[in-house]
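Peer 1: Below: sequence and its predicted model.
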Amino acid sequence: MKYHIWTSGCQMNVADSQRVASALERLGYQPTLKADRADVIVLNTCVVRQSAEDKAHGRLTSLRPLKERRPELIINLMGCMVGVTGNQQMGERYPFVDVFSPPSDPVPLIDYLLNLEGKKTVETETQSRNEMMDEELLLPEGERGRLVSAYVPAVYGCSHACTYCVIPYRRGVERSRPINEIANEVESLVSQGVREVTLLGQIVDRYGMDIEDSPGLGDLFSALHDIAGLRRIRFLTSHPNWMTDELIEAVGSLPKVCEHIEVPIQSGDDGILERMHRGYTSDDYRRLINRIRETIPGVSIATDIIVGFPGETESQFQRSYDLLEELELDVAHLARYSPRPQTVSTRRMQDDISAAEKMRRFRALEDLQAKIADRINARYVGNTEEVLVKEKHDARWKGRTRTNKLVFFESEAELRGKLVKVKIEWAGPWSMIGAPVLDG
Ligand code: SAM
């Protein structure tokens, strides 16, 4: 029996798909890259923007003929397209889907399969749902001993409700995982070859606020830091309001925690930030960037910006442009505003910026950011950087610096999972090329 998983969207979906694959392999299923050879197809979907939803819808409808040819094929729709409430209309809209699963929840699919086999389901007696979620995450066979860098959910859901964002409606309220559960998972991942973990949360710097004793993200770092064999810890995404001095200091002082921070601003204009319900001003963000740079030398910083939010005037857009130019951040994830169901911005504001104008603003920021990244990365040329090697790509090894810069280099040695010193010889806006430095 074979399974095929298609994953779109954020890193959390990648982690969720890994858990589904792991659960399916425990039941004896084998992976296949070919959907038409699979007995079970999982589509793990994203709806953060309309374009992502269209992609998932297209992929799903392309499976219909396959299901008609082979009615015994099991199709599982998972993720944000389904949401935590399991959207009733989904069944009517997609009658050829057998199982609908909320984000981060492999149980509906596993129960469906157990039920087919006449076995007791997770929901009944074999084990409780929590026990199953706590079960050791055995990496899918293809990744065991090969996967160097793994995503580890730290906080599920989100309770912040930025006015443009559908995620809280689809992923439910914020739920932090206990430190010991995360530490056990990371230990197990390390024993399976993983060397770097990225802790995930929509607002990861709020880690622990919803659980007993309210441990902070810094406490989680400390707990993971002691795990032998784990070389690097990363985390994303941070919200500016919860990036405390304590947390910034923890990043600066714990050697395994990499000096790279993903902290979205979303807009450089205070009026737009207020209408987005972000809870800070552009000056607050400037001060935060200064604090981070003062405390963590050589830090790299990534941001997110949305262009074309309802009512965004040319001068408001220009403030995003100017702020990006002023702050010179390493990475800017750019998005064109997309009205999403249920959100406040869709219900109460008009999507009044044309698609062409959104694209013009997007391209202007994209061009600016390419120049900034090019300038920043050029400063790496001649430096020797520690690179964690992830895989071989077209005869060249590929890895990342502590600051998350992509580096390619050639070597005949087997280097997967190793920390290698690489002298940077060329740098462009999106990647670098170097040569390994031989010890001694
Ligand atoms: N929760 C984090 C935050 O906003 O601080 C980041 C995760 S969010 C799912 C990823 C990014 O998608 C956001 O930072 C935002 O830039 C973008 N995004 C979310 N909703 C959007 C929308 N309706 N239209 C365009 N981009 C959107």
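Peer 2: Ah, there it is.
Peer 1: Around the ligand, which positions in this structure sit nearby?
Peer 2: 10, 48-49, 162, 164-165, 167, 202-203, 237, 239, 264, 266, 304, 306, 335, 337-338, 340 (C-beta under 6 Å from any ligand atom). No exception for glycine: its C-beta is placed from N, CA and C like everyone else's.
Peer 1: Go again with 8 Å.
Peer 2: 10, 48-49, 158, 160, 162, 164-167, 202-203, 237-239, 263-264, 266, 304-306, 333, 335-340, 343, 345 (C-beta under 8 Å from any ligand atom).
Peer 1: Show the buried residues in the residues you listed.
Peer 2: Buried members of the residues of the chain next to the ligand, counted by 16 or more other C-beta atoms under 10 Å: 10, 48-49, 158, 160, 162, 164-167, 202-203, 237-239, 263-264, 266, 304-306, 335-340, 343, 345.
Peer 1: Select from those every entry located in helices.
Peer 2: Using DSSP state H, the subset of those located in helices is 167, 345.
Peer 1: From the buried ones among the residues of the chain next to the ligand, which land in strands?
Peer 2: Among those, the residues falling in strands (DSSP state E) are 304-306, 335-336.
Peer 1: closest to Ala56 among those residues?
Peer 2: Using C-beta to C-beta, Ala335 comes nearest to Ala56 of these, at 17.0 Å.
Peer 1: doesn't Thr303 make contact with that closest one?
Peer 2: No: Ala335 lies out of contact with Thr303 (C-beta atoms under 8 Å); the separation is 11.5 Å.
Peer 1: who's in contact with Glu249?
Peer 2: The contact partners of Glu249, by C-beta atoms under 8 Å, 6 or more residues apart in numbering, come to 218, 295.
Peer 1: and with 6 Å instead?
Peer 2: By C-beta atoms under 6 Å, 6 or more residues apart in numbering, Glu249 lies in contact with Thr295.
Peer 1: element containing it, please.
Peer 2: Counting by DSSP states H and E, the element that carries Glu249 is helix 245-253.
Peer 1: Dump the C-alpha coordinates for that helix into CSV.
Peer 2: Presented in CSV, the C-alpha positions along helix 245-253 are these (Å, rounded to 0.1, in the frame of the first residue of the first chain):
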residue,chain,number,x,y,z
ASP,A,245,15.1,42.1,25.8
GLU,A,246,15.4,38.7,27.7
LEU,A,247,14.6,36.8,24.5
ILE,A,248,17.0,38.8,22.4
GLU,A,249,19.7,38.3,24.9
ALA,A,250,19.0,34.5,24.9
VAL,A,251,19.5,34.5,21.1
GLY,A,252,22.7,36.4,21.5
SER,A,253,24.2,34.3,24.3
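Peer 1: Flag every buried residue along that helix.
Peer 2: For helix 245-253, burial by neighbour count (16+ other C-beta under 10 Å) applies to 247-248, 250-251.
Peer 1: can you check stretch 394-404 too?
Peer 2: Using 16+ other C-beta under 10 Å as the test for burial, stretch 394-404 gives 397-404.
Peer 1: Do me a favour and average the pLDDT over that stretch.
Peer 2: Averaging pLDDT along stretch 394-404 gives 96.
Peer 1: Give me the residues contacting it.
Peer 2: By C-beta under 6 Å, 6+ apart, the surrounding residues in contact with stretch 394-404 are 258-260, 300, 385, 387-391, 406-411, 415.
Peer 1: which of those are buried?
Peer 2: Among the contacts of stretch 394-404, those classed as buried by 16+ other C-beta under 10 Å are 258-260, 300, 385, 387-390, 406-409, 411, 415.
Peer 1: Sitting in helices, which of the residues you listed do you find?
Peer 2: The members of the buried ones among the contacts of stretch 394-404 all map outside helices under DSSP H.
Peer 1: out of those residues, who's nearest Ala21?
Peer 2: Ranked by distance to Ala21 (C-beta to C-beta), the buried ones among the contacts of stretch 394-404 are led by Lys390 at 18.8 Å.
Peer 1: Quick check: mean pLDDT of the strand or helix carrying Ile424?
Peer 2: Taking DSSP H and E as the definition, one finds Ile424 inside strand 419-427. Mean pLDDT, strand 419-427: 98.
Peer 1: For it, name the packing helices and strands.
Peer 2: Applying 3 or more C-beta pairs under 6 Å, 6 or more residues apart in numbering; DSSP states H and E, we find strand 419-427 packed against strand 384-393, strand 432-436.
Peer 1: any idea which helix or strand comes after the longest one?
Peer 2: Put plainly, it is strand 384-393. Proceeding N to C from strand 384-393, the next assigned helix or strand is strand 396-400, under DSSP H and E.
Peer 1: now the angle from that following strand to strand 419-427?
Peer 2: Following axes from the mean of the first three to the mean of the last three C-alpha atoms, to 10 degrees, one obtains 100 degrees for the angle between strand 396-400 and strand 419-427.
Peer 1: List the neighbouring strands of strand 396-400 plus their orientation.
Peer 2: Taking DSSP bridges as the criterion, strand 396-400 pairs within the sheet with strand 384-393 (antiparallel), strand 406-409 (antiparallel).
Peer 1: Need the contact partners of the first one.
Peer 2: Strand 384-393 is contacted by residues 148-149, 196, 232, 397-401, 407, 415-416, 418-423, 437 when judged by C-beta under 6 Å, 6+ apart.
Peer 1: if we go to 8 Å?
Peer 2: With contact meaning C-beta under 8 Å, 6+ apart, strand 384-393 is reached by 148-149, 195-196, 231-232, 397-402, 405, 407-409, 415-424, 434, 437.
Peer 1: Same check on stretch 251-258?
Peer 2: 221-222, 224-225, 230-235, 250, 259, 261, 295-297, 299, 402-404.
Peer 1: what about burial for those, which qualify?
Peer 2: The neighbour-count test (16+ other C-beta under 10 Å) marks 221, 224, 230-235, 250, 259, 261, 295-296, 299, 402-404 as buried among the contacts of stretch 251-258.
Peer 1: Mind checking which of the residues you listed are in strands?
Peer 2: 232-235, 261.
Peer 1: any idea which of those is closest to Gln88?
Peer 2: Distances from Gln88 to these, taken as C-beta to C-beta, are shortest for Phe235 (35.6 Å).
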